[in-house]
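Colleague: Have a look at this fold, sequence not included:
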């Protein structure tokens with residue numbers, strides 16, 4: 001099942017990205033939520049960014065990738081009907097470097113537990129996709145440029161919106177080399193995420209092996225998220 005899913009994901013990525021609706025699948029260990037319970041949950045929007053730059057352990061640490069996949073799947077599993085799920089990869093600025101995308105809406109044909117299982121398999125399979133050359137790990141980490149694209153292409157309107165980044169949080173771009181001592185994230189242009197519920201970064205400081213660096217990175221992103229208009233920020237190194 002996992003190999004078939006990864007093959008399907010690879011086909012989507014190589015084709016330049018096509019809406020991928022999971023319409024039929026069964027997965028052991030998942031308890032379906034009743035229709036009435038799911039219908040009672042307000043619709044939300046979940047945007048998931050997968051950092052496939054070389055500095056991020058997501059690309060080469062299967063245990064970490066599995067942990068991230070499990071946590072994000074738990075969030076997807078709790079979504080109500082009419083909720084949106086968007087998955088993107090990022091790293092280098094060039095659009096051709098990150099052609100993969102996944103967009104779906106929770107419904108009776110794409111139930112939350114089914115979408116959650118596929119998202120979990122995708123994220124957990126990231127190291128395998130990179131190792132097989134289906135996804136190419138990248139030299140730069142353009143988190144700010146990715147967030148700018150998110151605000152312009154999807155945004156926060158109409159639905160309560162959460163952005164989750166599976167990233168070490170180390171911006172490495174023409175904006176800033178955040179790994180340098182004394183470096184700071186630039187202030188956002190206005191409040192592009194005004195009205196967004198939360199920015200979450202899973203893996204802040206992962207790979208640095210430095211608690212102090214992790215705290216510094218979390219502080220930088222917390223300030224940026226507040227300035228950009230997010231109501232809340234969560235930055236986790238481990239959980």
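Modeller: Structure's in. What do you need? As the structure is a prediction and not an experimental result, all values here were calculated from the model.

Colleague: Which SSE is immediately downstream of the longest helix along the chain?
Modeller: Using DSSP state H, we find that the single longest helix of the chain is helix 211-228. Next helix or strand after helix 211-228 toward the C-terminus (DSSP states H and E): strand 232-236.

Colleague: That following strand vs helix 211-228, what angle?
Modeller: Computed by axes from the mean of the first three to the mean of the last three CA atoms, to 10 degrees, the angle separating strand 232-236 from helix 211-228 equals 160 degrees.

Colleague: which parts of strand 232-236 are buried?
Modeller: Using 16 or more other CB atoms under 10 Å as the test for burial, strand 232-236 gives 233-236. The C-beta positions use only the backbone N, C-alpha and C, and glycine is treated the same way.

Colleague: which pair in those spans the largest distance?
Modeller: Farthest apart among the buried residues of strand 232-236 by CB to CB are 233 and 236. That separation is 10.8 Å.

Colleague: what sits in contact with each of the two?
Modeller: Residues touching both residue 233 and residue 236 by CB atoms under 8 Å, 6 or more residues apart in numbering: residue 200.

Colleague: Quick check: residue 60 touching residue 128?
Modeller: No: look at residue 60 against residue 128 with CB atoms under 8 Å: they stay out of range, at 10.3 Å.

Colleague: Tell me if residue 50 really is in a helix.
Modeller: No: read with DSSP: H, G, I helix; E, B strand; the rest coil, residue 50 is strand and lies in no helix.

Colleague: Any idea what it is bridged to?
Modeller: For residue 50, the residues forming beta bridges with it (DSSP bridges) are residue 89, residue 166.

Colleague: contacting residues for residue 141?
Modeller: Counting by CB under 8 Å, 6+ apart, residue 141 has contacts 51, 53, 55-56, 91, 167-168, 170-173.

Colleague: Distance check, it against residue 79.
Modeller: Counting by CB to CB, to the nearest Å, the gap from residue 141 to residue 79 is 28 Å.

Colleague: show me where this protein has helices.
Modeller: 2-14, 35-40, 62-77, 112-124, 126-131, 143-153, 211-228.

Colleague: among these, which is nearest residue 160?
Modeller: Here helix 62-77 is closest among those (CB to CB), at 12.7 Å.

Colleague: Would you mark the buried spots in that closest one?
Modeller: Buried, per 16+ other CB under 10 Å, within helix 62-77: 64-69, 71-73, 75-77.

Colleague: could those be laid out in CSV, adding pLDDT and distance to residue 213?
Modeller: Output for the buried residues of helix 62-77, formatted as CSV (pLDDT from 0 to 100; distance: CB to CB, whole Å):
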residue, pLDDT, distance to residue 213
64, 97, 17
65, 98, 21
66, 98, 24
67, 98, 20
68, 98, 19
69, 98, 25
71, 98, 22
72, 98, 24
73, 98, 28
75, 97, 27
76, 98, 30
77, 97, 33
